[in-house]
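Participant: any chance you can model this:
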Amino acid sequence: MHANDVLPSGPRQLVAGTAFSGQEAVRIAIYEQAGARESRNLDSNHPVNEGAGMITGIPPLPVGSPIDISLSVDGEGLLSVTAVEPQSRKDLKIEVRVSVLTEEEVTAAKRAVSAIKVSS
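Facilitator: Residues are numbered from 1 along each chain as shown. So this is what the prediction gives:
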C-alpha cells in the first residue's frame, strides 16, 4: 500500500517469487514504511509485529516460482494480506490492525513539524 492511500484501499495484487530451487516453504512478512519515501530496502523499513507467517508443505519449487499476494485495508484500518502458492493452493492469511490517524492528529503533527527550526 502507498502512503496517503484513501481507506478503504485495495485489493492490490502482487506477485512474489521463491528465492531458491527446491524451496518447500515461503515466509511472508509485512513491513511499515519508515520514512517519507518508499524503499525496497528492508533495512529502511520496520517489520510489523504479528505481521509475518509461513506457507509450509508446498512442493519443491524452482527459483522464481510465483507466490500470489493480495493486500487490502478496510475503513477501520484492518490490513488483510493473503498469500497463495498457486500449484498447491496452500495459503496464508494475516490480519493486522494498522494505526489510522484522525484528522485532528494529522493537523497536530503537521503543526509540530512546521514549528521545528532547522539551522545550517
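Participant: pLDDT on stretch 104-114, on average?
Facilitator: On average, the pLDDT along stretch 104-114 is 78.
Participant: ignore the last one, stretch 58-78
Facilitator: Mean per-residue pLDDT for stretch 58-78: 90.
Participant: endpoints of that stretch, how far apart?
Facilitator: 28 Å (C-alpha to C-alpha, to the nearest Å).
Participant: what comes up buried for that stretch?
Facilitator: 58, 61, 65, 67, 69, 71-73 (16 or more other C-beta atoms under 10 Å). Bear in mind the C-beta positions are built from the backbone N, C-alpha and C, glycine included.
Participant: now do the same for S88: its pLDDT.
Facilitator: For S88, the predicted pLDDT is 93.
Participant: close enough to count as contact, it and P59?
Facilitator: Yes. Contact criterion C-beta atoms under 8 Å: S88 and P59 qualify, at 5.9 Å.
Participant: which residues sit against the longest strand seen in the chain?
Facilitator: The strand that spans the most residues within the chain, counting by DSSP state E, is strand 45-61. Residues external to strand 45-61 that are found in contact with it (C-beta atoms under 8 Å, 6 or more residues apart in numbering): 18, 21-34, 39, 67, 79, 81, 83, 85, 87-88, 90-92, 94, 96, 98.
Participant: one step back: how about the buried residues of stretch 58-78 in TSV, adding distance to P47 and secondary structure?
Facilitator: Shown next, in TSV, are these (distance: C-beta to C-beta, whole Å; DSSP: H, G, I helix; E, B strand; the rest coil):
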residue	distance to P47	secondary structure
I58	23	strand
L61	25	strand
S65	24	coil
I67	18	strand
I69	16	strand
L71	16	strand
S72	20	strand
V73	18	strand
